[in-house]
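Visitor: coordinates only, no sequence provided:
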């Protein structure tokens with residue numbers, strides 16, 4: 001499902017761009033819709049007694065589809081930003097950068113390395129805070145915590161659509 005949705009996201013984005021539409025806004029809205037559907041399914045059918053139940057699998061795959069769109073959108077539309085989804089890749093790069101700083105690096109590459117390290121460390125810190133918030137949310141609100149991701153996605157979409165340049169993709 002993840003791979004298929006990444007392919008479909010790229011194809012849809014190209015199709016929209018060729019026709020002069022704002023691909024990023026449409027793709028973010030699609031991700032938002034999937035998050036809303038995933039939240040509704042989790043609230044309606046969760047908590048799941050079995051991860052193998054049809055309801056659990058469908059809910060999971062809807063959320064996987066949203067995650068795939070997030071990954072594809074990041075790679076295509078926000079390539080200069082630190083990764084927002086793959087913390088293992090980010091953590092690996094942080095460790096490589098730290099090793100380069102410890103082992104020594106050419107003076108001319110040091111400022112760029114430190115800037116990248118700061119961006120990625122901030123991304124990991126935000127990710128960790130999000131994980132902690134999600135755990136607390138589930139502990140206190142159970143499946144109702146699934147309402148939060150669509151709200152955050154809606155806020156991000158509205159921010160993007162209200163960008164001063166007027167472009168959403």
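Guide: That came through, no problem. Owing to the predicted nature of the structure, the values given are computational and were not obtained by experimental measurement. Numbers count the residues shown, from 1 in each chain.
Visitor: give me the distance from the helix ranked longest in the chain to the chain's centre.
Guide: Identified as the longest helix of the chain according to DSSP state H is helix 110-141. Helix 110-141 sits 12 Å away from the centroid of its parent chain (Cα atoms, centre = their mean, to the nearest Å).
Visitor: that one packs against which elements?
Guide: In this structure, helix 110-141 makes packing contacts with helix 87-103, judged by 3 or more Cβ pairs under 8 Å, 6 or more residues apart in numbering; DSSP states H and E. Every residue, glycine included, has its C-beta placed from N, CA and C.
Visitor: now do the helix it packs on and helix 110-141, the angle between them.
Guide: 140 degrees (axes from the mean of the first three to the mean of the last three Cα atoms, to 10 degrees).
Visitor: residues contacting helix 87-103, please?
Guide: For helix 87-103, the external contacting residues (Cβ atoms under 8 Å, 6 or more residues apart in numbering) are 82, 83, 110, 113, 114, 116, 117, 120, 121, 123, 124, 127.
Visitor: ok so, going back, show me what counts as buried in the longest helix of the chain.
Guide: Within helix 110-141, the residues scored as buried using 16 or more other Cβ atoms under 10 Å are 113, 117, 120, 121, 123, 127, 137.
Visitor: between the contacts of helix 87-103, which is nearest residue 147?
Guide: residue 127 (20.1 Å; Cβ to Cβ).
Visitor: how far away is the closest one from residue 91?
Guide: 9 Å (Cβ to Cβ, to the nearest Å).
Visitor: dump the buried residues of helix 110-141 into CSV; add distance to residue 38 and pLDDT as well.
Guide: Conversion of the buried residues of helix 110-141 to CSV gives the following (distance: Cβ to Cβ, whole Å; pLDDT from 0 to 100):
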residue, distance to residue 38, pLDDT
113, 38, 91
117, 34, 91
120, 28, 87
121, 30, 89
123, 23, 85
127, 19, 86
137, 15, 92
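Visitor: so which strand or helix has residue 61?
Guide: helix 54-77 (DSSP states H and E).
Visitor: buried sites along that helix?
Guide: Buried, per 16+ other Cβ under 10 Å, within helix 54-77: 56, 59-63, 65-74, 76-77.
Visitor: can you list the weak-confidence ranges in this structure?
Guide: Confidence mapping of the chain against pLDDT under 70 gives the ranges 82-89, 92, 165-169.
Visitor: recalculate using a threshold of 50.
Guide: 168-169 (pLDDT under 50).
Visitor: burial count for residue 6?
Guide: By other Cβ atoms under 10 Å, 19 other residues sit near residue 6.
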